[in-house]
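Q: let me see the structure of the following:
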Amino acid sequence: MPAPYVGGCQCGAVRFEIAAEPATAYVCHCRDCQKQSASAFGMSVTFPTASVKITKGKMKRWCRPADSGAEVFCEFCEGCGSRLFHGKDSRPESINLKAGALDDASWVKPVAHVWTKRRQPWVAIPVDMLTFEAQPEDPLALFKAWEARGHR
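A: Residues are numbered from 1 along each chain as shown. Sure, this is the predicted structure:
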């Protein structure tokens with residue numbers, strides 16, 4: 001599915017449009033993603049930050065230390081609290097979108113599972129996926145895996 005990608009928060013107060021193609025998509029099993037999603041994991045799609053445009057509403061930002069020790073910012077709707085984006089100020093060129101915020105996320109097929117050492121024991125990881133026990137030092141492997149699956 002080609003850009004633009006559109007979506008928003010749960011209550012509809014915040015809407016966004018993304019004009020670029022994603023760099024990768026992955027599943028994260030860290031405790032923060034489990035808590036944020038109220039589930040076993042979170043799913044994220046990485047985009048160039050400059051390609052993201054908020055077309056409606058306002059978001060709030062909250063910063064927290066991640067399992068890796070790095071500081072992560074989280075951007076969410078100030079009305080319903082849905083998290084839409086997260087990233088690191090140390091990597092301003094890219095931002096991660098929570099895949100469920102897309103109006104149509106059916107095309108998102110993750111290439112990796114990260115923080116698998118925090119995975120719930122009943123979650124099965126497909127054998128064709130990259131896996132990382134913790135946070136990958138460099139996201140390049142995830143980007144290359146995305147391209148290898150025919151994405152640009």
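Q: in the top helix by length along the chain, what's buried?
A: As assigned by DSSP state H, the longest helix anywhere in the chain is helix 140-148. If you call a residue buried by 16 or more other C-beta atoms under 10 Å, then helix 140-148 has these buried ones: 142-143, 145-146. C-beta coordinates here come from the backbone N, C-alpha and C atoms, glycine included.
Q: closest to residue 104 out of those residues?
A: Here the nearest of those to residue 104, counting by C-beta to C-beta, is residue 146; it sits at 18.3 Å.
Q: list the contacts of that closest one.
A: Applying C-beta atoms under 8 Å, 6 or more residues apart in numbering to residue 146 gives the contacts 22-25, 111.
Q: and if we set it to 6 Å?
A: Residue 146 is in contact with 24, 111, counting by C-beta atoms under 6 Å, 6 or more residues apart in numbering.
Q: quick one: contacts of the worst-scoring helix or strand of the chain on mean pLDDT?
A: In the chain, the helix or strand scored least confidently by mean pLDDT, DSSP states H and E is helix 31-37, which has a mean of 86. Contact partners of helix 31-37, identified using C-beta under 6 Å, 6+ apart, comprise 41-42, 83, 118.
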